[in-house]
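sharing a model that was predicted from the sequence below.
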There are 2 protein chains.
Amino acid sequence: MSDIEIAQANEQREMKPITEIGAMVGLTAAELEPYGRSKAKLTLAAMKRLRQQPLGKLVLVTSINPTPAGEGKSTVTIGLGDALRLRDQNAVIALREPSLGPVMGMKGGATGGGYSQVVPMEDINLHFTGDMHALTTAVDTLAALIDNHLQQGNALNLDPRRIQWRRVLDINDRALRHVTIGLGGPTAGVPRETEFDITVASELMAILCLADSLGDLKRRIAKIVIGYTYDRKPVTVADLGVTGAIAMLLKDAVKPNLVQTLAHTPALIHGGPFANIAHGCNSILATRAALELGDIALTEAGFGADLGAEKFMDIAAPALGKTPDAVVIVATVRALKYNGGQKLADLKTEDLTALQTGFVNLQRHIRNMKRYGVPVIVGINQFTEDTEAELKLLVDLCKQEGTTAVPADVWGQGGQGGLALADALLAALKQPARFTPLYDNTAAVKDKIATIVTKIYGGAHVEYDRKAELALRTIAKNGWADLPICMAKTQYSFSDDPKALGAPSGFTISVRDIVPRLGAGFLVVMTGTVLTMPGLPKAPAALNMDVSDDGVISGLF
Amino acid sequence: MSDIEIAQANEQREMKPITEIGAMVGLTAAELEPYGRSKAKLTLAAMKRLRQQPLGKLVLVTSINPTPAGEGKSTVTIGLGDALRLRDQNAVIALREPSLGPVMGMKGGATGGGYSQVVPMEDINLHFTGDMHALTTAVDTLAALIDNHLQQGNALNLDPRRIQWRRVLDINDRALRHVTIGLGGPTAGVPRETEFDITVASELMAILCLADSLGDLKRRIAKIVIGYTYDRKPVTVADLGVTGAIAMLLKDAVKPNLVQTLAHTPALIHGGPFANIAHGCNSILATRAALELGDIALTEAGFGADLGAEKFMDIAAPALGKTPDAVVIVATVRALKYNGGQKLADLKTEDLTALQTGFVNLQRHIRNMKRYGVPVIVGINQFTEDTEAELKLLVDLCKQEGTTAVPADVWGQGGQGGLALADALLAALKQPARFTPLYDNTAAVKDKIATIVTKIYGGAHVEYDRKAELALRTIAKNGWADLPICMAKTQYSFSDDPKALGAPSGFTISVRDIVPRLGAGFLVVMTGTVLTMPGLPKAPAALNMDVSDDGVISGLF
């Protein structure tokens, strides 16, 4: 059965009213704003009340570098949540919201898979509770207000060539990567070049996910640098006078969404910034609510641990005010064999040599995570084709690193398939966590970047293009140097070369540009080519999708 | 008190759970999908069950040509619904959804005013239940799929210069009126010129509002002409193979939304196509549901009766399968005086001459509506400054036309202020309605246009630009001539000159182009300059908007 078939069969038979799921973790019906019968937003009042609650333990789920073989990080997070509930633990899951663009492009959802899914998966993968659309609208309304300002006399003296704020759509639309707008004469705007990003790449998504309240969201929006004047002074949303309007458009989007897994574990699905250009973690409001509602909160960070987990530790955790009590690194035999040189088509064949060779990728992620002073375990997301020998080798290799690794068949068996992993996690949570941040924000920008490159990526040098050097001067001049670093790097490798698998070392990272994101509160360091607007493939997944006259969807995963 | 203050005071004190509102008209809780506590969508199952219900009486609310003085058509529709309920009539209201673009631009909502409002007005005016966002996403996903088709080899031989499908945003963004996309080299799309419209101007909005089921929606989407091949053959969504995906994105948007007035009258708010470029009426699914749930269904048509009501009669009613039992034309003393030459700044001063002169505008609308064989009354939306003498003169002038006119202070008094108008409407509904369509769809395209121009607009001639003549050939060649006509004309005048107020005659209408909309099922006849992407004013309403830390909105109207 496909993921959607499993989900639909179970949704119809077994989904509980969302008020029941809320009640499991002490939320009253009045504290939930229903969106249909199986989705709800937490009210602002509920969020306020929960601030009095003690916080549970925080588990960060991350993974090796992604490969075409698939890792299944969300699937493991969900399965682990269900397994913990089977062990009578009050576990609550916090995950990112899917972006619709990739859904229409490539088959493969962001709601887990098999018997470890969050439901209703169709709704979550499509419009859900409208957060993504509210963000798109807010981003594009701000853009329209900026271009209108140019049109109506440009009192702020904005340089149209130096406008930083870009429009977005939650669609993979490569034809919008580079556009000219404002054509058609004096009544149709000021002509200028610009670019569209996908919604999840916008600073506003990062802001939504780092804000700790509606008030904080507003304060962050006010600080967004929308561009520069002709004499290079930064211009903010506050200068434009539309902070309130943009925040107003996000008054509901700021509230975390509650759904359930197929096994009825409560799951908060909220926010989903890109893990390359932004920090790649669900909203801290959702993670915080999970910590307040559950004794164990499971959250995941995007892409591999070099990108998502590093940013969780150094950007999200300080905003959250809580550091992880344990880290689970998800790996698969397949992906490690791919890292070790086995071809994609051959991955179903046993290859212990490739596994041993590719293990270096996992090894470096384990060592990196341990550097933060937090207990680390490895969750092996099991595939049918994995052989006994391969699984044993992988467990042994981890053991040599002093790390517990446990296979889990959560795709095929749901929580039952993750009981051993859950037990390992519970043991890890009994170990002490002594969190140490990677760098100090007051260090020089180049030093902070060098720390990430040498200590996390295993690189040797960092070189800066002229544009990056100029950006550093702007950052210094405006007093923005004390912000944390958000690396924009390929997710496929520790280096900035997506083809360098395994654990490359001695390489140089090239920094093309450094973009200050004052609202999000970080400096985006651009390395290599990072696409902020994906394209559709030759045969988009959309070609297979359909809806019956009775509203039943097919072909979605 | 401002509209939002009245609404907020009443919402908090008095809004009923939406399930109670549903119960008033026989909808069970299971037939409603809640969106928060005071909004819900009707389920597809509910819509199916209602098909067995007898239909109530249909009242179409329309108006004179809009002026800067304001007419208050929605306010009267809402107040009339409340008044009918006070007269123990089972009245149900069907209205269009507001577009967010104008909300951010110009103060003034689409949810009525004063004590005749639908609530929660903030939500309805902002993201509501996400219909507008779903439409935007569906339109732009189709556009991305079209450009991706060009990028991936263009198997359909689409001529990039003749692509008809445009992207949309629900934002007033004039800088997107004329753009070039696909710049940036071979990996970033095929360069071409295109335009963005506001969402409500898209054919997909018209389709949503004319479809009588999810199945019909799909059939209409399949027929959309997205462009032409190099050898001028039409290419449809079905040819592109993405009908199912686009329909899937609208699976929830197709369901009518239930809310309430301040006096708890059930109101279905669903769909909102432009009344110039499209047909300007809420969805026929909402109107049909109102007819099935109520004994009297009140719906409104956009702009003046020359545009909105004509299209309701000749485009929407056939799709609905039901013609109006009565028509209410909304007029104001102020707007008629403005039509009669009084200056905007002087409208608070009594001017019987200007009123008598300007009455010709209302007179022609009355005669036009009577032509359809339906009882017609006039609802005078009363303003504080209207004098006794002015109101009496207007009532008398209508009487000379054989038409009952009744002042109504629904803004200030809600339903209580509309009781006399409600009584007049009930009397009109006892008169026989013998509907006669204006034209026969099988007539020649030019004859159908001439009929509208001479019989409704009072014009003398129609002239066709070369582009329009070429379009007529394309229409003939492809066998599309039997579709009804959707005139795209300025709303401010019977003519195509927005400055020609009153009741101009003898004029010539210039047809620039004729655009076949096969999915909507009409031919759009472009006259004068009709903007499909509005701009923001010098001081946008957004500047005054705010949201408190507790989520309370201010400055929205």
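Nice, thanks for sending it over. Numbering: from 1, shown residues only, chains lettered A, B, ... in the order given.

for the lowest-mean-pLDDT helix or strand in chain A, C-alpha coordinates in CSV please.
When the helices and strands of chain A are compared on mean pLDDT, DSSP states H and E, helix A:3-14 comes out lowest with a mean of 76. Extracted C-alpha coordinates of helix A:3-14, given in CSV (Å, rounded to 0.1, in the frame of the first residue of the first chain):
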residue,chain,number,x,y,z
ASP,A,3,1.5,6.1,2.1
ILE,A,4,-1.8,7.8,1.1
GLU,A,5,-3.6,4.5,1.0
ILE,A,6,-2.4,3.5,4.5
ALA,A,7,-3.3,7.0,5.7
GLN,A,8,-6.7,7.1,4.2
ALA,A,9,-7.6,3.6,5.4
ASN,A,10,-6.6,4.6,8.9
GLU,A,11,-8.0,8.1,8.9
GLN,A,12,-11.5,6.9,8.1
ARG,A,13,-11.4,4.1,10.5
GLU,A,14,-9.5,5.5,13.4
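
quick one, what contacts A:Thr67?
A:Arg334, A:Ala335, A:Tyr338, A:Asn339, A:Tyr492, A:Leu501 (CB atoms under 8 Å, 6 or more residues apart in numbering or on different chains). Where you see a C-beta, it was placed from the backbone N, CA and C, and this is true even at glycine.

can you pull out the strands in the stretch 201-350 of chain A?
Along the stretch 201-350 of chain A, the stretches classed as strands by DSSP state E, counting those that start in this stretch are A:225-229, A:234-236, A:257-261, A:266-269, A:296-300, A:326-331.

among these, which comes closest to chain B?
Nearest to chain B among the strands of the stretch 201-350 of chain A is strand A:257-261; the distance by CB to the nearest CB comes to 12.9 Å.

next, the buried residues of the closest one.
A:Asn257, A:Leu258, A:Val259, A:Gln260, A:Thr261 (16 or more other CB atoms under 10 Å in any protein chain shown).

find the closest residue to chain B in the stretch 351-500 of chain A.
For the stretch 351-500 of chain A, CB to the nearest CB, closest residue to chain B: A:Pro498, 14.9 Å.

okay, now the unreliable bits of chain A?
A:11-13, A:107-109 (pLDDT under 70).

the longest strand seen in chain A pairs with which strands?
Longest strand in chain A, counting residues (DSSP state E): strand A:508-517. Its sheet considered, strand A:508-517 pairs with strand A:461-464 (parallel), strand A:522-527 (antiparallel) by DSSP bridges.

what about the helix or strand following the least confident helix or strand of chain A, near chain B?
Once the chain leaves helix A:3-14, the next helix or strand it forms, by DSSP states H and E, is helix A:18-24. No - Helix A:18-24 is not in contact with chain B by CB under 8 Å from any CB of the partner chain; minimum separation 10.1 Å.

what do you get for stretch A:139-152?
Yes - judged by CB under 8 Å from any CB, stretch A:139-152 and chain B are in contact via A:Asp140, A:Thr141, A:Ala143, A:Ala144, A:Leu145, A:Asp147, A:Asn148, A:Gln151, A:Gln152.

which non-adjacent residue is nearest the last one?
Nearest-residue entry for A:Gln152: B:Lys538, 4.6 Å, with adjacent residues in sequence omitted and distances by CB to CB, 6 or more residues apart in numbering or on different chains.

isn't there a strand covering the one you found?
No - B:Lys538 sits outside any strand when classified using DSSP: H, G, I helix; E, B strand; the rest coil, being coil.

burial of it, as a residue count?
9 (other CB atoms under 10 Å in any protein chain shown).

gap between it and A:Gln151?
As for B:Lys538, its distance to A:Gln151 is 9 Å (criterion: CB to CB, to the nearest Å).

same question for A:Val190.
For A:Val190, the distance to A:Gln151 - CB to CB - is 6 Å.

again with A:Gly415
57 Å.

of these two, which one has the most company?
More neighbours surround A:Gly415 than the other of A:Gly415 and A:Gln151, with 26 against 19 (other CB under 10 Å).

what sits against the nearest residue to the more buried one once chain neighbours are set aside?
Residue nearest to A:Gly415 in three dimensions, not counting chain neighbours: A:Asp82, with 2.9 Å by CB to CB, 6+ apart. Contacts for A:Asp82 were tallied using CB under 8 Å, 6+ apart; they are A:Ser116, A:Thr261, A:Leu262, A:Ala263, A:Thr265, A:Val410, A:Gly414, A:Gly415, A:Gly418.

hmm, the first one is touching A:Thr75, no?
Yes - under the criterion of CB atoms under 8 Å, A:Ser116 lies in contact with A:Thr75, with a separation of 4.7 Å.
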